[in-house]
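Asker: here are the coordinates; sequence isn't available:
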């Protein structure tokens, strides 16, 4: 990574957060005043800051990709966390932009609508506050600062005991990673398979970034300038969200990742049982082969009790950090679900399906990366469980 890529990203991120903060601190619309956007932030402020956010966000994507190629896994992991937080906040912002109503200024005040608008405005402000918290974290720390580490366990009394504890840590950590992938993955798959028209899912599976602008372009025909600006800004924002999710997968592997997600969805659809995702994930991650390899590594290693104990602690942290990362993905999935609920435009439906598919790909391959046993070359955020053990015991 060029030495200035991280600095350039962090400079852009400061401007990015500043524009979001301006939204959070914007004065609420006075009672009885109806705005075009269904939040309590004045139209002019919402649109002006959203346009600036879309422009800055686009410049951050290529810089983020360079950081994701850095040899430091903590830096890569920190970047991944920030990208997810950004995508969630921007998607919520795009949701508001796509609900601008050109005739709103002519509408009579409705107390119930006012309550909804106020609640939505408070929700947007909370999401921006959460984004600010994530963006304030040191990239170089990865997710370490967000993991709660309890007191150190009792030291093993012998090498065989230390090996047994390490094996237990590895199996428990791998199990936790699989469980969290399946927990969120089943929810996304259920949404795609049983709450979304399969035609839309197929469109999402084949969607490329240029499709987003094309799908939304027709929405600007015959509408006022303000609404057209809102739609165009929303289109740019959705493209940025899509790019940030796909940045995890690296270059030129979108088709491979989408194909794997398509296979998983088709198998679940064929069986009609969402529970089979767990067995599919375990097969993909080669969990049984990893357990066999783990036993062999224990036999081969010549390290002492201290190194074995240190390795067990590092392995525990891998799954804990992954749980934090999945928490970021859940926030993004919630933002997608809210967008589907509030945006009724048919042109947007395949875009949202495409975002869910991309998120599912990141989730599945993210779990693969954190297990770390013979994972594919793309999506390399961290040293997985298997990599940590091999590095500490066999080198």
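Answerer: Now that the structure is in, tell me what you want to look at. The model shown is predicted, which means the values in this text are computed figures rather than measured ones. Numbers count the residues shown, from 1 in each chain.
Asker: CA atoms for contacts and neighbours, from now on please.
Answerer: Will do.
Asker: residues near residue 12, how many?
Answerer: Look at residue 12: counted by other Cα atoms under 10 Å, it has 18 neighbours.
Asker: I meant to write residue 195 there.
Answerer: Residue 195: 10 neighbours (other Cα under 10 Å).
Asker: mind checking how far it is from residue 55?
Answerer: 33 Å (Cα to Cα, to the nearest Å).
Asker: And for residue 29?
Answerer: 26 Å.
Asker: for residue 237, same thing?
Answerer: 9 Å.
Asker: Which residue of those two possesses the greater neighbour count?
Answerer: Each of residue 237 and residue 55 has its neighbours counted (other Cα under 10 Å); residue 237 has more, 27 against 16.
Asker: That one: what's its closest spatial neighbour, skipping adjacent residues?
Answerer: What sits nearest to residue 237 in space, not counting adjacent residues and going by Cα to Cα, 6 or more residues apart in numbering, is residue 54, at 5.3 Å.
Asker: and that neighbour, how many neighbours does it have?
Answerer: Count around residue 54 with other Cα under 10 Å applied: 22.
Asker: Which helix or strand contains it?
Answerer: helix 43-68 (DSSP states H and E).
Asker: buried ones in that helix?
Answerer: 43, 46-47, 49-51, 53-58, 60-68 (16 or more other Cα atoms under 10 Å).
Asker: Excluding covalently adjacent residues, which one is nearest to residue 332?
Answerer: residue 88 is the one closest to residue 332 (Cα to Cα, 6+ apart), at 4.4 Å.
Asker: which residues touch the one you found?
Answerer: 241, 331, 332, 333, 335, 336 (Cα atoms under 8 Å, 6 or more residues apart in numbering).
Asker: three-state assignment of the nearest residue to the last one once chain neighbours are set aside?
Answerer: With Cα to Cα, 6+ apart as the measure, residue 352 is the residue that lies nearest to residue 336, at 6.6 Å, once sequence neighbours are left out. Here residue 352 is recorded as helix under DSSP: H, G, I helix; E, B strand; the rest coil.
Asker: Could you check how far residue 358 is from residue 244?
Answerer: 10 Å.
Asker: what do you get for residue 267?
Answerer: Distance from residue 267 to residue 244, by Cα to Cα: 28 Å.
Asker: who has more neighbours, those two?
Answerer: The residue with more neighbours, out of residue 267 and residue 244, is residue 244; 25 against 16, by other Cα under 10 Å.
Asker: now whatever helix or strand the residue nearest to residue 332 lives in: mean pLDDT?
Answerer: For residue 88, the host element (DSSP H and E) is helix 73-97. Helix 73-97 carries an average pLDDT of 95.
Asker: Now for residue 126, how many residues are close by?
Answerer: 14.
Asker: any idea which helix or strand carries it?
Answerer: helix 111-135.
Asker: so what secondary structure elements neighbour the helix or strand that that helix is followed by?
Answerer: On the C-terminal side of helix 111-135, the nearest following helix or strand under DSSP H and E is helix 159-194. Under the contact definition 3 or more Cα pairs under 8 Å, 6 or more residues apart in numbering; DSSP states H and E, helix 159-194 sits against helix 254-271, helix 276-285, helix 287-300, helix 305-342, helix 349-371, helix 385-393.
Asker: 10 Å instead?
Answerer: If contacts are counted by 3 or more Cα pairs under 10 Å, 6 or more residues apart in numbering; DSSP states H and E, helix 159-194 sits against helix 198-205, helix 254-271, helix 276-285, helix 287-300, helix 305-342, helix 349-371, helix 385-393.
Asker: Mind checking these for the one nearest to residue 219?
Answerer: Closest of the helices and strands packed on helix 159-194 to residue 219 is helix 349-371, at 13.3 Å (criterion: Cα to Cα).
Asker: circling back to that earlier point, pick the most buried one from the helices and strands packed on helix 159-194.
Answerer: Across the helices and strands packed on helix 159-194, averaging neighbours per residue (mean count of other Cα atoms under 10 Å) puts helix 349-371 on top, at a mean of 25.
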